[in-house]
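Enquirer: Let me see the structure of the following:
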Amino acid sequence: MTCFWDSILSCLNIEDFKLLGVNKKLNREELIESLKNKNCLVNTLWQGKPLKKQEKEEHFEAVKCYNIKDIYNGHLTSICDSFLLLLCHLLKINITHKYLNNNIIYKTCSSARKTLYFKSNRGHFSR
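Expert: Numbers count the residues shown, from 1 in each chain. Take a look at the predicted model:
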């Protein structure tokens, strides 16, 4: 069950990968490793509000400790997901995640290059 990572990868293009410092499309494991290597305290709005310092530190730690080998057991997508926050920050994008008919909005504090749209229920994440 890699629907979280497959959905993200299906939306990314070469310009996105260049912002991650690579000149080719990455596979799931390479993407996660790249995100872990570029991990930082994000400057991303969640639901229109900036994160508190403690929240930024917790998301940083969640990415840092993420076990790539567990991706085939599924990704437990948080209501405020650490990887979606990081993607917004690094790629200068916005993300709208519709979870059970509730829109969760992630916004870059930079000028957004594009917006990605995802949806999920209790068991599946998709475009």
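Enquirer: which residues touch the least confident helix or strand in the chain by mean pLDDT?
Expert: The helix or strand of the chain with the lowest confidence, counting by mean pLDDT, DSSP states H and E, is strand 125-126 at a mean of 94. Contacts to strand 125-126, defined as C-beta atoms under 8 Å, 6 or more residues apart in numbering, come from residues 3, 4, 7, 75, 77, 118, 119, 120. Yep, even glycine has a C-beta here, placed from its N, CA and C like the rest.
Enquirer: Just the residues you listed: which are in helices?
Expert: The helices, defined by DSSP state H, take in 3, 4, 7 from the contacts of strand 125-126.
Enquirer: which SSE is the most centrally placed residue in the chain in?
Expert: In the chain, the residue lying closest to the centroid (C-alpha atoms, centre = their mean) is residue 84, at 2.2 Å. For residue 84, the host element (DSSP states H and E) is helix 82-91.
Enquirer: CA-only coordinates of that helix, as CSV, when you get a sec.
Expert: Extracted as CSV, the C-alpha positions of helix 82-91 are listed here (Å, rounded to 0.1, in the frame of the first residue of the first chain):
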residue,chain,number,x,y,z
SER,A,82,4.6,16.3,8.0
PHE,A,83,5.5,15.3,4.4
LEU,A,84,2.8,17.4,2.9
LEU,A,85,4.1,20.4,4.9
LEU,A,86,7.6,19.7,3.8
LEU,A,87,6.7,19.3,0.1
CYS,A,88,4.9,22.7,0.2
HIS,A,89,7.9,24.3,1.7
LEU,A,90,10.6,22.7,-0.5
LEU,A,91,8.7,22.8,-3.8
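Enquirer: name the helices or strands packed onto that helix?
Expert: For helix 82-91, the elements it packs on are helix 3-11, helix 14-19, helix 28-37, strand 44-46, helix 53-64, strand 94-99, strand 102-108, judged by 3 or more C-beta pairs under 8 Å, 6 or more residues apart in numbering; DSSP states H and E.
Enquirer: one more time with 10 Å
Expert: helix 3-11, helix 14-19, helix 28-37, strand 44-46, helix 53-64, strand 94-99, strand 102-108, strand 115-120 (3 or more C-beta pairs under 10 Å, 6 or more residues apart in numbering; DSSP states H and E).
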